[in-house]
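[1] sharing a model that was predicted from the sequence below.
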Amino acid sequence: MIKIIITSIFFFVRACAFVHAQIFYAYGCKDLEKVSLTFDDGPCESTKKILKILKNHNVKATFFILGIRVKNNSNITKAIYSDGHEIANHTYRHINFYNYKNIDKTTRIEEELLQGEVIIKNTTGTPPFLVRFPYGYAKADAINIAKKHGYYIINWSFGCDWKQMTAEEMHEKYKKALKKGAIFLMHDLPKNEKILSFLSSFICYIKGSGYEIVTVSELLNLKQQH
Ligand SMILES: [Zn+2]
């Protein structure tokens, strides 16, 4: 009997440790009708238009922002924050670490993460704890650095706003990708403004299908660790 109890405790502790050890996510719980909208690469002038649409629909999104753009757009960054959206780290310079071959790669990944963090913290007063490395880079070196600094790495379940197609085709693809726990990737950049033409109707479609739109940390039930 004692052996069974000890074995059960051992597996319970191991299971808990596993749950807390997860730091990489690309979708949320597949049992709840909740999804997240995420916007990468801002802030810039296009962000203002997105904020207006989100406000009209009373929807909160998650913005993975670039440190280098915060520098010249601190007011837009503050507006994202004061509108109640979640601000997450997309690193400082948007380096593609899949192609980065220099010997200092690990150091650069860490610097990019921390420089992005500092400027977000100095601008909004709140340090981010979610990171999406550019191009969804999530190899072991990035995972270890994220872990070291108390971050969760967030990728996406669907996104196509950088591909060649009409706004109508794009809208259809996003609608088809709607499912429980979806994390949608979009960009708030002038070259990706096609999404602006359907963002409002996409939000209506999501809500009309019975889904709630929440921030990534709410979708995944994640809390700040650092
Ligand atoms: Zn990006």
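    Perfect, thanks for sending it.
[2] hmm, the strand ranked longest in the chain in reach of the ion?
    Longest strand in the chain by number of residues, with DSSP state E as the criterion: strand 34-40. Yes. Counting by CB under 5 Å from the ion, the ion is contacted by strand 34-40 at residue 40. All C-beta atoms are positioned from the backbone trio N, CA, C, and that covers glycine.
[3] quickly run through the sheet partners of that strand, with directions.
    Using DSSP bridges, the strands paired with strand 34-40 in its sheet are strand 62-65 (parallel), strand 183-187 (parallel), strand 212-213 (parallel).
[4] tell me which residues are up against it.
    For strand 34-40, contacts defined as CB atoms under 8 Å, 6 or more residues apart in numbering pick out 28, 47, 50, 54, 59, 61-64, 88, 90, 132, 154, 156, 178-188, 203, 206, 211-216, 218-219.
[5] now that strand: buried residues?
    By neighbour count on 16 or more other CB atoms under 10 Å, the buried set for strand 34-40 is 34, 35, 36, 37, 38, 39, 40.
[6] what about it, distance to the chain center?
    Relative to the mean C-alpha coordinate of its chain, strand 34-40 is positioned 7 Å out (CA atoms, centre = their mean, to the nearest Å).
[7] what's in contact with the following helix or strand past that strand?
    The helix or strand immediately downstream of strand 34-40 is helix 45-56, counting by DSSP states H and E. By CB under 8 Å, 6+ apart, the residues outside helix 45-56 that reach it are 37, 39, 60-61, 63, 73, 76, 79-80, 83, 85, 188-190, 192-193, 196, 199-200, 203.
[8] near the ion, which residues of the protein?
    So the chain meets the ion at 40, 41, 134 (CB under 5 Å from the ion).
[9] again, only using 8 Å
    Taking CB under 8 Å from the ion as the measure of proximity, the chain contacts the ion at 40, 41, 64, 66, 90, 94, 132, 134, 135, 187.
[10] can you flag the buried ones in the residues you listed?
    Of the residues of the chain next to the ion, these count as buried by 16+ other CB under 10 Å: 40, 41, 64, 66, 90, 94, 132, 134, 187.
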